[in-house]
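> Sharing a model that was predicted from the sequence below.
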Number of protein chains: 2
Amino acid sequence: MRIQDVAKAAGVSIATVSRALNALDKVTPETRERVRQVAAELGYTPNASARTLRTQRSCVIGVVLPTLLNPVFAECLEGIAATSAAAGYSIQPFTTEYQVEREDQAVKRLLAANVDGIILVVSNPGRSSALQRLIAVRLPYVLAYNQHARHPCVGVNNEKAVRELIAHLTALGHERIAMVSGMLKASDRARQRYRGYRNGMKRAGLAELPLIEVPFVETAVQEVVTQLVDARLRPTALVCSNDLIAIRCLRAAHLAGLSVPHQISITGFDGIALGEDLTPMLGTIAQPNADIGRHSVELLVQAIAAGKPPAAPASIKLAHHFRAGESCAPAPRTSLSTHPSPLTRRLRSLR
Amino acid sequence: MRIQDVAKAAGVSIATVSRALNALDKVTPETRERVRQVAAELGYTPNASARTLRTQRSCVIGVVLPTLLNPVFAECLEGIAATSAAAGYSIQPFTTEYQVEREDQAVKRLLAANVDGIILVVSNPGRSSALQRLIAVRLPYVLAYNQHARHPCVGVNNEKAVRELIAHLTALGHERIAMVSGMLKASDRARQRYRGYRNGMKRAGLAELPLIEVPFVETAVQEVVTQLVDARLRPTALVCSNDLIAIRCLRAAHLAGLSVPHQISITGFDGIALGEDLTPMLGTIAQPNADIGRHSVELLVQAIAAGKPPAAPASIKLAHHFRAGESCAPAPRTSLSTHPSPLTRRLRSLR
DNA sequence: CTGTTAGCGCATTCAG
DNA sequence: CTGAATGCGCTAACAG
């Protein structure tokens, strides 16, 4: 079913068919209707490859994500899919499994596919060969979740979010707060969140605890946490760099015989939907994941329409919010009195 | 960067470049190496649209899924992505949100995009206009998760799985077993699993309990379950048609003041990774989700290579297994004695 | 307002 | 073994 067939059936030229279907105004209403009628009857759909080859526009948006096994990215992709479909775009996603080389491979293939733009979340925006490549060929792109002054980004303020969280926890009486994070090397979000932890602790006048860095998709969390909670001066709160890790910590704490939140509070980051269905419901910093996807698409589509790639100033900072769950409560008195922190001791001696 | 540029730089014709890069044997080893060298230096990547237009092959696989918000499909898509990337294919996914019309829309767009084949999970394989369309144009397709005698499918035996599960539960002493399911209308899996429940109960000589049908992505689960567990003859086990629902039931039971599994057992279906991190760890019928994706791709790619669409006999039935969790335990004695089921009473009266 | 025509970049015939 | 020429299906510039 080609444009030729429609033209023949409608008794017009292929140019007229093309115009009737695309540039609605450059053709008589009658012929336009007739052509559309015929096209509909024949079930004609324009060949996307031919059109792309001719117009240099594919109406396809490339997407590069670490993984779909973390619901945070699945939720975002769902948002991307919905928005781009509504805007007449298709998507072509690639997962990198947190490997930087694969970011570049994905971009290469996306370029070959003539995508109109790319949404990506990279490991390190500062020195990403994938981004360099995109800039070199002037292909519009938007970073999702990443945060960087020299690139167009859509996401939340990770550092500030954790800083606020620390303040919230200290207001609840927590002093020994530890951070459990994914590998810092693999994610700028993790790095920013860790910075938020450090600054938050500093502002609160509390001593930082050593960062607990756990590999992705590993159950190693359990050993670490078990070991941690056995320590004499155990933390009263664990701030996790994402919800998946928090969920594992929840279980690890349970297995270690600690009750959450009575003996230890645990918080996540991301706000995956499942967190609300857990018991205890996960306290977390919720990001608007679908919205991050939606805004990324909108930014990209606008830029494509305007003919100029989005730039850093176009970045969109979305609001996060602390979703109070049941995994987070005031610090246990017992723990505080049994193992008073240096700060507590100092405060008490002042009285 | 077109093939022309490479040809000029290498001092050969575009035909030679094309052959050097594709048909490796139809050119002198020396010139081939030289061309490849030049192409690599220039960073040349063939234009996919042009190639597709010419060869009528896009090396793109379309994917049509209900949603990515259910990890079961995200896991499957991850498998599809990994396998197709390894095979040199890209993917173009669409979500339908369980709406049949959108299945058809997605297929339409996929056809226009010249995909080489489609993997889809539909609501009703028996009468799917999307499938009809694919058959009409002879485009290779594979159904994932769906089960149907007249279509090529990759998945597990849903009915048998639940039947076995019922047997397992009855062996644990459960007699009042209720099923909580997503909308039957929206999913043949739900219908098959429900059939498994009915047959399983029949074989065990137990009375079926009314099906509890809950809308997708709704928290309505809670009301239903709360109401259910308040009933005088409350079930000792809830068999859920998927893990997401099971997780909600877990929480609903908790809120209703029931301890799982001591007062009530709850099982899921799908085996999403997160289930293993829950407390109590979710007892579920685990499907090999990534493998379902992988096999779907392999089936499709083979068929594409062979030039003939996969047919029903090529269907692949994968093994499921019951992943024993902590949410499932022997039936509580108390409940049995307090509220003996009709069968129990009859059995007892026989002694 | 409509038809004719020229490529978009590539693979592939047909000559040489 | 290599080069010139053709056309995949479409849109857009150019004529009429």
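In hand now; what should we look at? Numbers count the residues shown, from 1 in each chain, chains lettered A, B, ... in the order given.
> From DNA strand D, how far off is the most centrally placed residue in chain A?
For chain A, the residue nearest the mean C-alpha position is residue A:145 (4.4 Å; CA atoms, centre = their mean). Taking CB to the nearest atom of the strand, to the nearest Å as the measure, residue A:145 falls 35 Å from DNA strand D. To be clear about C-beta, it is placed using only N, CA and C from the backbone, and glycine gets the same treatment.
> Check residue A:108 too.
Look at residue A:108 and DNA strand D: by CB to the nearest atom of the strand, they are 23 Å apart.
> ok, that residue touching residue B:45?
Yes. Using CB atoms under 8 Å, residue A:108 and residue B:45 qualify as a contacting pair, with a distance of 6.5 Å.
> So which residues of the stretch 151-300 of chain A form helices?
A:158-171, A:188-204, A:220-230, A:243-255, A:289-306 (DSSP state H, counting those that start in this stretch).
> who's in contact with the second one?
The list of residues contacting helix A:188-204 from outside it, by CB atoms under 8 Å, 6 or more residues apart in numbering or on different chains, reads A:122-126, A:145-148, A:158-167, A:170, A:177, A:179, A:181-184, A:207-208, A:211, A:239, A:241-242, A:269.
> Just the buried ones out of those, please.
Neighbour counting with 16 or more other CB atoms under 10 Å in any protein chain shown marks A:122-125, A:145-148, A:158-166, A:170, A:177, A:179, A:181-184, A:239, A:241-242, A:269 as buried within the contacts of helix A:188-204.
> so how many other residues sit close to residue A:78?
21 (other CB atoms under 10 Å in any protein chain shown).
> correct me, but the residue nearest to the centre of chain A touches residue A:295?
No. Judged on CB under 8 Å, residue A:145 makes no contact with residue A:295 at a distance of 11.7 Å.
> Spell out which residues are contacts of both of those two.
Common neighbours of residue A:145 and residue A:295 (CB under 8 Å, 6+ apart) are residue A:154.
> Quick check: pLDDT value at the closest residue to residue A:224 other than its chain neighbours.
Excluding the flanking residues, the one nearest residue A:224 by CB to CB, 6 or more residues apart in numbering or on different chains is residue A:212, at 5.5 Å. For residue A:212, the pLDDT comes out at 91.
> I figured residue A:212 was touching residue A:181, is that so?
Yes. With contacts counted by CB under 8 Å, residue A:212 reaches residue A:181, the gap being 6.9 Å.
> For the stretch 51-200 of chain A, which residues are neighbours of DNA strand D?
Within the stretch 51-200 of chain A, the positions near DNA strand D by CB under 7 Å from any atom of the strand are A:51, A:53-55.
> and if we set it to 10 Å?
Contact residues, the stretch 51-200 of chain A versus DNA strand D (CB under 10 Å from any atom of the strand): A:51-57.
> which one of those has the most neighbours?
residue A:52 (25 neighbours).
> Work out for me the element that one sits within.
helix A:48-55 (DSSP states H and E).
> quick check, that helix touching DNA strand C?
Yes. Under the criterion of CB under 10 Å from any atom of the strand, DNA strand C is reached by helix A:48-55 at A:49-55.
> mind showing which ranges of chain A have poor pLDDT?
Chain A contains residues with pLDDT under 70 at A:216-220, A:229, A:334-351.
> care to break chain A down by domain?
Domain ranges of chain A: A:3-55, A:60-156+A:290-319, A:158-286, per the TED database.
> Ok, which of those comes nearest residue B:100?
domain A:60-156+A:290-319 (16.1 Å; CB to CB).
> any residue of that closest one up close to chain B?
Yes. Against chain B, domain A:60-156+A:290-319 shows contacts by CB under 8 Å from any CB of the partner chain at A:60, A:67-69, A:71, A:74-75, A:77-78, A:81-82, A:85, A:90-95, A:108-109, A:111-114.
> starting at the chain centroid, how far to that domain?
Distance of domain A:60-156+A:290-319 from the chain centroid (CA atoms, centre = their mean, to the nearest Å) equals 10 Å.
> Up against DNA strand C, what does chain A have?
Near DNA strand C, when you scan chain A using CB under 10 Å from any atom of the strand, you find A:3-4, A:7, A:10-20, A:23, A:25-32, A:34-35, A:49-56, A:112, A:114.
> Are any of these buried, and if so which?
Buried among the residues of chain A next to DNA strand C by 16+ other CB under 10 Å: A:3, A:7, A:10, A:12, A:16-20, A:27, A:31-32, A:34-35, A:49-53, A:112, A:114.
> returning to what we had before: redo the residues of helix A:48-55 next to DNA strand C as a markdown table? Include distance to residue B:101.
Listed next are these as a markdown table, based on distance: CB to CB, whole Å:
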| residue | distance to residue B:101 |
| --- | --- |
| A:49 | 26 |
| A:50 | 27 |
| A:51 | 25 |
| A:52 | 26 |
| A:53 | 31 |
| A:54 | 30 |
| A:55 | 28 |
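> how close does residue A:167 get to residue A:173?
Residue A:167 is 12 Å from residue A:173, where distance means CB to CB, to the nearest Å.
> Would you mark the buried spots in the helix or strand containing residue A:135?
In this assignment (DSSP H and E), residue A:135 forms part of helix A:129-137. Using 16+ other CB under 10 Å as the test for burial, helix A:129-137 gives A:130-131, A:133-134.
> what's the following helix or strand after that helix?
strand A:141-144.
> most packed of the helices of the stretch 151-300 of chain A?
Scoring the helices of the stretch 151-300 of chain A by mean neighbour count under mean count of other CB atoms under 10 Å in any protein chain shown gives helix A:243-255 as the most buried, with a mean of 24.
> Now do the phi/psi pair for whichever residue of the stretch 251-351 of chain A sits closest to DNA strand D.
Relative to DNA strand D, the nearest point of the stretch 251-351 of chain A is residue A:307 (13.1 Å; CB to the nearest atom of the strand). For residue A:307, the backbone dihedrals (degrees, to the nearest 10) come out as phi 80, psi 10.
> How many neighbouring residues does it have?
7.
> now it: how far from residue A:131?
20 Å.
> Repeat that for residue A:71.
From residue A:71 to residue A:131 the distance is 26 Å (CB to CB).
> Residue A:108 is in contact with residue A:94, correct?
No. The pair residue A:94 / residue A:108 is not scored as a contact, 10.1 Å apart, by CB under 8 Å.
> of those two, who's got more company?
residue A:94 (21 against 14).
> Surely residue A:235 touches residue A:176?
Yes. Assessed by CB under 8 Å, residue A:235 is found in contact with residue A:176 at 4.5 Å.
> what do these two both touch?
residue A:209.
> What sits closest to the closest residue to DNA strand C within the stretch 101-250 of chain A if chain neighbours are left out?
Taking CB to the nearest atom of the strand, DNA strand C has its nearest neighbour within the stretch 101-250 of chain A at residue A:112, 8.4 Å off. In this structure, residue A:112 finds its nearest non-sequential neighbour in residue B:45, 4.2 Å apart by CB to CB, 6+ apart.
> if I've got this straight, the one you found is in a strand?
No. Using DSSP: H, G, I helix; E, B strand; the rest coil, the secondary structure at residue B:45 is coil, not a strand.
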